[in-house]
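Engineer: Pasting a predicted model and its sequence here:
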Amino acid sequence: MAKINREFFRYQFSRNQDWLINRILKPGEKVLHAYTNCRIKDLSPGKSERTPVGIFLVTDMRVVIIIPRFLKEFEIEEYPYDQLTSVGPCEDTRYWSGCVELVAGKVKRLVYWINPAKMAKLMIETINERMKMTKRA
């Protein structure tokens, strides 16, 4: 029988997920932008279309996606800026809210339901700026 992840309930019923964000940060890492309750879609070839609700973080070191799981540990995907191939707004017009498309090699993620849409644009600008800084170094 699968074991229920008790932290999932804490995540679901608390308005502030700082406890979770602080737990996954590396020493000295600072959060530049964080958005909770966004949808994450896996656009990689051969993957099933799943759209869980999660947390999208832009830190000074990396981009992090946290996907809460009811029966397992939370899924944490991290993309250091030097591994990101491209980032930009979604081309799909069916999303009314802000939307970010991340590409890191063969991995493609679509993060949407970011409101206001200005927040998504700000995150894209910050990620692009950080990607350029790591390429210069």
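Structural biologist: Thanks, I have it. Residues are numbered from 1 along each chain as shown.
Engineer: Quick check: buried residues in stretch 38-55?
Structural biologist: 38-42, 54-55 (16 or more other Cβ atoms under 10 Å). Backbone N, C-alpha and C define where each C-beta goes, glycine included.
Engineer: Pick the one among the residues you listed closest to Glu73.
Structural biologist: Closest to Glu73 out of the buried residues of stretch 38-55 is Gly54 (13.6 Å), distances taken as Cβ to Cβ.
Engineer: check which helix or strand covers the closest one.
Structural biologist: Gly54 belongs to strand 53-59 when assigned by DSSP states H and E.
Engineer: which other helices and strands contact that strand?
Structural biologist: helix 18-24, strand 31-42, strand 62-67, helix 117-136 (3 or more Cβ pairs under 8 Å, 6 or more residues apart in numbering; DSSP states H and E).
Engineer: Now it: average pLDDT?
Structural biologist: What strand 53-59 shows for mean pLDDT is 93.
Engineer: and it with helix 117-136, angle?
Structural biologist: Counting by axes from the mean of the first three to the mean of the last three Cα atoms, to 10 degrees, strand 53-59 lies at 50 degrees to helix 117-136.
Engineer: sorry, back to before: turn the helices and strands packed on strand 53-59 into TSV, including distance to Ile76.
Structural biologist: Putting the helices and strands packed on strand 53-59 into TSV (distance: least, Cβ to Cβ, whole Å) gives the following:
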stretch	distance to Ile76
helix 18-24	6
strand 31-42	12
strand 62-67	6
helix 117-136	18
